[in-house]
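**Q** Okay, sequence plus prediction incoming.
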Amino acid sequence: MKKSYEVLNIKCGGCAGTVKSKLKERFPDIEVSLESEPRVVSATIESDEDERYLLETLKSLGYPSIHEDLGSLEGALLKGKSFVSCAIGKMSQDKGE
């Protein structure tokens, strides 16, 4: 079933590119909407394991769900991670990957 998740820290096409490249193997239909705030990531989720994997991967990239209970330090660290993920996504776009 296609499910959507509101996530933090996705700011641009570079961020969206990183999310898609890290998750497209397991979720080939993954979409990242930059049209609304908070940003929405959608994918076909077949099991609880798929959902956990998606949310944990997003968080590891610095893009946690808005429903994630984050302390101020963890939130700041994830924001920093998101800047790195964004830069990687932008460089990949520039290379045409």
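**A** Looks like it came in fine.

**Q** rest of the way, CA atoms for contacts and neighbours
**A** Noted.

**Q** got any ranges where this protein has weak pLDDT?
**A** Where the chain drops to pLDDT under 70, the residues are 69-97.

**Q** What segments of the chain are helices?
**A** All helices of the chain, identified by DSSP state H, fall at 13-23, 48-60, 72-95.

**Q** could you check the angle helix 48-60 makes with the shortest one?
**A** Right, the one you point to is helix 13-23. 140 degrees (axes from the mean of the first three to the mean of the last three C-alpha atoms, to 10 degrees).

**Q** Report the buried residues of helix 13-23.
**A** In terms of neighbour count (16 or more other C-alpha atoms under 10 Å), helix 13-23 has its buried residues at G13, G14, C15, A16, G17, T18, V19, K20, L23.

**Q** of the residues you listed, closest to E68?
**A** Sorting the buried residues of helix 13-23 by distance to E68 puts V19 at the head of the list, at 17.6 Å, by C-alpha to C-alpha.

**Q** so what's the closest one closest to, chain neighbours aside?
**A** Distances taken as C-alpha to C-alpha, 6 or more residues apart in numbering place L58 nearest to V19, at 7.1 Å, with adjacent residues excluded.

**Q** who's in contact with the one you found?
**A** V19, P64, S65 (C-alpha atoms under 8 Å, 6 or more residues apart in numbering).
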